[in-house]
Structure formats: C-alpha cells, structure tokens
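Visitor: Can you look at this prediction? I've put the sequence above it.
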Number of protein chains: 2
Amino acid sequence: MCELLGMSANVPTDICFSFQGLLQRGGGTGPHKDGWGIVFYEGKGIREFRDPDPCVNSEIASLVQRYPIKSCYVISHIRQANVGGICLENTHPFTRELWGQNWTFAHNGQLANSESLILDKDLPIGTTDSERAFCWLLGELRAAFSEPPAPDTLRDFLYPRCEQLREMGVFNCLLSNGHFLLAYCSTKLQWITRRAPFGKAQLMDADVHIDFAGETTPNDVVTVIATEPLTNNELWQEMAPGEMVMFVGGEGY
Amino acid sequence: MCELLGMSANVPTDICFSFQGLLQRGGGTGPHKDGWGIVFYEGKGIREFRDPDPCVNSEIASLVQRYPIKSCYVISHIRQANVGGICLENTHPFTRELWGQNWTFAHNGQLANSESLILDKDLPIGTTDSERAFCWLLGELRAAFSEPPAPDTLRDFLYPRCEQLREMGVFNCLLSNGHFLLAYCSTKLQWITRRAPFGKAQLMDADVHIDFAGETTPNDVVTVIATEPLTNNELWQEMAPGEMVMFVGGEGY
C-alpha cells in the first residue's frame, strides 16, 4: 500500500512539517520505500519532485523538506509498490493538463482489472492501475464538460465514478486542479483543519514539534489530509468508506 | 531572448558540467534571469525542475548542478521574458503526454500573432507564445498519427511546421519524447558531439574544466546542443537558419 498527504489552505503555506513526518515512513518508520513524489501549486504552475528511491535517503526529498515552498494546494505520496514496477513513470502524483489547468492525482490502494477502464485521449505513461484510473477520470471529465465546472458540479460528477473505482478494489485518492482538493476515502483517509487559535503539534514519526501560532496569521485556515494522522496530540477526522470531501481554501464540505 | 540547452547520448550521462555553464548566464554572466527549467528523461519517466527565479541564485538549480542525474535525453532553458509574465507556468521546458509518452519542448525566440495557431485538445496553461506553439505542434501530431511514427517520419512531418513557425518570428527549439531530440534553428543554435578519444573542456562562463576521458567509456557518444557554445576550447557546429537536426543516441542526422 501507500500513504497519501494533501493540503488545502486559504493562504500560501509551507508543508515542511507534515512532509517531514511523512518522509519518515518512506523507508524509516514505515515500509513505503518504493518512491515518493510531491506536487506544489504556484499560480497556474506546479512544482513537481519525484524519486523512485526511498524518500528517507533522497537528497531531493531532503531539499524539499527544508525548502519552504509556499502553496495553497499540495499533493504528496509515498509508495509501497503493488501494481507496476519501481520506476520514475510509476511514481505518484501523476499530472496532466485538462482545460488549460494542471491536474494532479495520487492513489492509495489497488484496482482489479483496471484494463477494463476505457480511455480516451489521455493515456498512461507507466504501468500502474492508479495512472490508468486517473486517465479514465480525465476522459470522463473531457467527455462531459468543455470547460472547468464549479467545484460542486465536479464533486457530484466525480462521486459515482469514485464509487465505481472503489468497487474494483481499494481506492483512496486525492485530486486537485489548484482550485480545490478532492479527497475520496475507500478504506483509510483522515484530515485535520487548523485555524486560530493555533496551537502546538508533535509529529508521530519523529521527535519534532512546531508551534503553529508563530507561523500563521489569525485568518489562516489550513487543512492537512493523510492516510494516517501525522501528529499525536491533535484530533484528526477519520473519513468513512465511500466518503468524499471537497476542500477549497482549507474549508472542507 | 533565452538560451537553450539539450543533450542526446547513447548511455545515461550527467549534464552537470554543461548545466553549470548555462547556469552562469541565468543572472550571472548573462541576462537570462527570468526563470530556468530542466527536464531529464529516465526510462519513460521524467524529472522536472523549474523556477521562475534567476538560476544563479536558485537553491534547486544548485542541487541539480551537483546531483549527477544520468539521462540519455535532457532539455533545459533559461529565460529572459518577452511574451508572458514571469511565473512558474510560463517557465520552460513545457511537458505533455502524447501517445503514452512524455513530450518536452523549449523555445528561444518570439512569435507574432501566435493566437492564430488553431489548437485541438492540448491547451496552454500559461500565456507564452512558446507553450501555444508546442500545443499546436502536439495537435498537428495527434491529427496526423495515432501512435508514435519513426523518427524520420516525425522529422519530415515537423520540418514544414517549424518553418511555418519561423515565418511568424524567431523559432529556435528543442523537442524530445525520450527517444530522440529534435533541434530546429531559426537564428542561433550550435552543437558538439563528443566521442572517443575524449579530451578536456573548459567552460566559457566559469573557471571550470573537465577531462571527459576520466568520465566516459570508449563507446560513449554524447551530443550537447546550446544557443551559444558553452566551452571555449572545442569546435561547435553552428546550425544554419532553417536547419533541423534529429539526434538519436547522440548521433545527429
């Protein structure tokens, strides 16, 4: 399996603290040693970092961890491979252009018979069931809309399709176009929204803590979504199987 | 204007030496301070690094410079903006999926009236004439072929389209799908093929030299393509306006 990490915020925020926690699970405290990746939105552009090597030893991961890239939307993934070999093209998150926007997708789980998903013009580069599911979702979106619909419409459109994918196996996923972050839970996904009054947080996987009060302003709203809670002194919201939450500017609904 | 850098090799080779030279021109010895980017092919995957900040000061560029990522195909670009603001989505190289392959494009020059290029489903994310030209080329390729044609067919197909773009202004470009690197010269582009017996090279923009004999094996063939020669003790081949060279495994034809 794999672990997912996502962020939605109403002001550009760095994800160094959470990423540092996730990183430990990539070959350190966790078995997810088959690659890692992270995508940061910055305006309409994205910064992408990926490595098929364990992130706990990765020089690029170490740069990302200490380099405070500020973003309102981030998706990250650490991989424990099941379908598809360990190589760069099979490393999440996957990104594609749709309607002149960068779309980003990461998946935790596995899908039986993913070849049955009929694709349009977006084709997988690698051999994972995950990238194929992403390409299928993009094809469905292209067929139904000629320009980006409102987040609510998108959510209603994507929900039954995520349910359909869940029926094929395990399908926890994060999806973003830089204007929203959609989280869909098949088996395991949790989130926390931090807002004023900000407090202290302690990482579960490393002896690292932070006082968010010193890093934020009173109007900041920042949601972090993860497969497993990253901190051990805060209350994370556990999503139910089949639950979808759309996050816009840090607020989930 | 901007500067281009490309590499085609028959064995995975790092581009640290050439990139170090290019880097100096990104706000150091040259005026190309409006961003930089580099794409490395690794199998079917790509590693992408981009920054709208001057590369001479970029922490990410500094990592790339000292991190010997080995690849057979690389495209890099440093930008001095003309069309399109200075931001991440306007930073070359641009990448898109076509036929299940990663395609990468970088452009030096400017095109008048690039809005006249009719696009299909590949749409620009940013506002540069360059990205629009790339999307147009992809649309032309999609319309003509349903799967990747042979390099010769591609070359014959793309040549008149590059000529058409050159008529709109200045169009020096590099294009790759990880199986070839295509260089088209409108005003300025030069290349050098290094093979046994390998010798020493001295960067033009920094007091740095290398002895390739110690870094290579006798069968290696490595071509570097650049807007201006990067070394001052080797003979670079100057391309003529309207000339196109296809490089496969380091060999140009």
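Guide: Everything's here; your move.
Visitor: Count the residues that sit near the closest residue to chain B within the stretch 51-200 of chain A.
Guide: Nearest to chain B, among the residues of the stretch 51-200 of chain A, is residue A:88, at 2.8 Å (CB to the nearest CB). C-beta here means a position set from N, CA and C on the backbone, and glycine is covered the same way. Using other CB atoms under 10 Å in any protein chain shown, residue A:88 is surrounded by 22 other residues.
Visitor: ok, how many other residues are close to the nearest residue to it once chain neighbours are set aside?
Guide: Nearest-residue entry for residue A:88: residue B:45, 2.8 Å, with adjacent residues in sequence omitted and distances by CB to CB, 6 or more residues apart in numbering or on different chains. Neighbour count for residue B:45, taken as other CB under 10 Å: 19.
Visitor: could you list every residue that touches residue B:45?
Guide: A:50, A:52, A:87-91, A:125-126, B:102 (CB atoms under 8 Å, 6 or more residues apart in numbering or on different chains).
Visitor: What about those residues, which are in helices?
Guide: With helices defined by DSSP state H, no entry of those lies inside them.
Visitor: Tabulate the residues you listed (TSV), appending distance to residue A:138.
Guide: Converted to TSV, those look like this (distance: CB to CB, whole Å):
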residue	distance to residue A:138
A:50	19
A:52	23
A:87	22
A:88	20
A:89	17
A:90	18
A:91	18
A:125	13
A:126	15
B:102	16
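Visitor: min pLDDT across those, which one?
Guide: Among the contacts of residue B:45, residue A:52 carries the weakest pLDDT, at 88.
Visitor: got the contact list for that one?
Guide: So residue A:52 contacts A:34-35, A:86-88, A:90-91, B:45 (CB under 8 Å, 6+ apart).
Visitor: Also residue A:156?
Guide: Residue A:156 neighbours (CB under 8 Å, 6+ apart): none.
Visitor: helix, strand or coil for it?
Guide: helix (DSSP: H, G, I helix; E, B strand; the rest coil).
Visitor: returning to that earlier point: widest-spaced pair of the contacts of residue B:45?
Guide: Largest separation among these by CB to CB: A:52 and B:102, giving 15.0 Å.
Visitor: was I right about the residue of the stretch 51-200 of chain A closest to chain B contacting residue A:53?
Guide: No. With contact defined as CB atoms under 8 Å, residue A:88 does not reach residue A:53; the gap is 9.9 Å.
Visitor: Need the residues touching each of the two.
Guide: residue A:35.
Visitor: Lowest mean pLDDT among the helices and strands of chain A, which one is it?
Guide: helix A:59-66 (a mean of 85; mean pLDDT, DSSP states H and E).
Visitor: and the stretch 1-150 of chain A, which residues reach chain B?
Guide: A:42-48, A:50, A:52, A:59-60, A:63, A:67, A:87-91, A:96-97, A:99-102, A:121-126, A:142 (CB under 8 Å from any CB of the partner chain).
Visitor: Drop the exposed ones from those residues and show what's left.
Guide: A:42, A:44-48, A:50, A:52, A:60, A:63, A:87-91, A:96-97, A:99-102, A:122-126 (16 or more other CB atoms under 10 Å in any protein chain shown).
Visitor: low-scoring stretches of the stretch 1-150 of chain A, by residue?
Guide: A:1 (pLDDT under 70).
Visitor: all strands of it, in order?
Guide: According to DSSP state E, counting those that start in this stretch, the stretch 1-150 of chain A carries its strands in the segments A:3-14, A:36-42, A:45-51, A:70-78, A:94-98, A:101-108.
Visitor: now for those, which one comes closest to residue B:205?
Guide: strand A:45-51 (26.3 Å).
Visitor: That closest one versus strand A:36-42: what angle between them?
Guide: Computed by axes from the mean of the first three to the mean of the last three CA atoms, to 10 degrees, the angle separating strand A:45-51 from strand A:36-42 equals 170 degrees.
Visitor: how distant is strand A:45-51 from the center of its chain?
Guide: 13 Å (CA atoms, centre = their mean, to the nearest Å).
Visitor: what's residue A:114 in contact with, if anything?
Guide: A:83, A:129, A:132-133, A:168.
Visitor: Touching stretch A:222-235 from outside, list them.
Guide: A:2-10, A:13, A:15, A:18, A:21-22, A:108, A:172, A:174, A:181, A:183, A:188-195, A:199-205, A:216, A:236, A:247, A:250-252.
Visitor: Switch the contacts of residue A:52 over to a markdown table; also include distance to residue B:147.
Guide: Converted to a markdown table, the contacts of residue A:52 look like this (distance: CB to CB, whole Å):
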| residue | distance to residue B:147 |
| --- | --- |
| A:34 | 30 |
| A:35 | 28 |
| A:86 | 27 |
| A:87 | 22 |
| A:88 | 22 |
| A:90 | 21 |
| A:91 | 25 |
| B:45 | 20 |
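Visitor: what's the neighbour count on residue A:201?
Guide: 22.
Visitor: Tell me the secondary structure at residue A:161.
Guide: Criterion first, three-state DSSP; result for residue A:161: helix.
Visitor: the helices in the stretch 101-250 of chain A, which residues?
Guide: A:129-144, A:151-166 (DSSP state H, counting those that start in this stretch).
Visitor: for those, which one sits closest to residue A:72?
Guide: Comparing the helices of the stretch 101-250 of chain A under CB to CB, the one sitting nearest is helix A:151-166, at 13.9 Å.
Visitor: Strand A:101-108 and the closest one, what's the angle between them?
Guide: Using the same axes, to 10 degrees: helix A:151-166 against strand A:101-108 is 40 degrees.
Visitor: So what's the gap between stretch A:118-131 and the chain middle?
Guide: For stretch A:118-131, the distance to the chain centre is 18 Å (CA atoms, centre = their mean).
Visitor: Endpoints of that stretch, how far apart?
Guide: 13 Å (CA to CA, to the nearest Å).
Visitor: just stretch A:193-201 next, same as before
Guide: Span of stretch A:193-201 from end to end, CA to CA: 13 Å.
Visitor: Neighbours of the closest residue to residue A:81 other than its chain neighbours, how many?
Guide: Distance criterion CB to CB, 6+ apart; nearest residue to residue A:81, sequence neighbours excluded, is residue A:34 at 4.1 Å. Look at residue A:34: counted by other CB under 10 Å, it has 22 neighbours.
Visitor: Residue A:34 and residue B:46, how far apart?
Guide: Going from residue A:34 to residue B:46 by CB to CB, to the nearest Å gives 18 Å.
Visitor: how far away is the residue most central in space within chain A from residue A:253?
Guide: Using CA atoms, centre = their mean, the residue of chain A that lies closest to the mean C-alpha position is residue A:75, 3.5 Å off. Distance of residue A:75 to residue A:253, given as CB to CB: 19 Å.
Visitor: now swap in residue A:24 and tell me
Guide: 31 Å.
Visitor: So these two - more neighbours on which side?
Guide: Neighbour totals were compared for residue A:24 and residue A:253, and residue A:24 leads with 20 against 9 (other CB under 10 Å).
Visitor: Grab the nearest non-local neighbour of the more buried one.
Guide: Here the residue nearest residue A:24, using CB to CB, 6+ apart, is residue A:205, at 3.7 Å.
Visitor: what's the closest of the contacts of residue A:52 to residue A:116?
Guide: Relative to residue A:116, and with distances defined as CB to CB, the nearest of the contacts of residue A:52 is residue A:90, at 19.8 Å.
Visitor: my guess is the closest one meets residue A:37, correct?
Guide: No. In this structure, residue A:90 is not within contact of residue A:37 by CB under 8 Å, at 10.3 Å.
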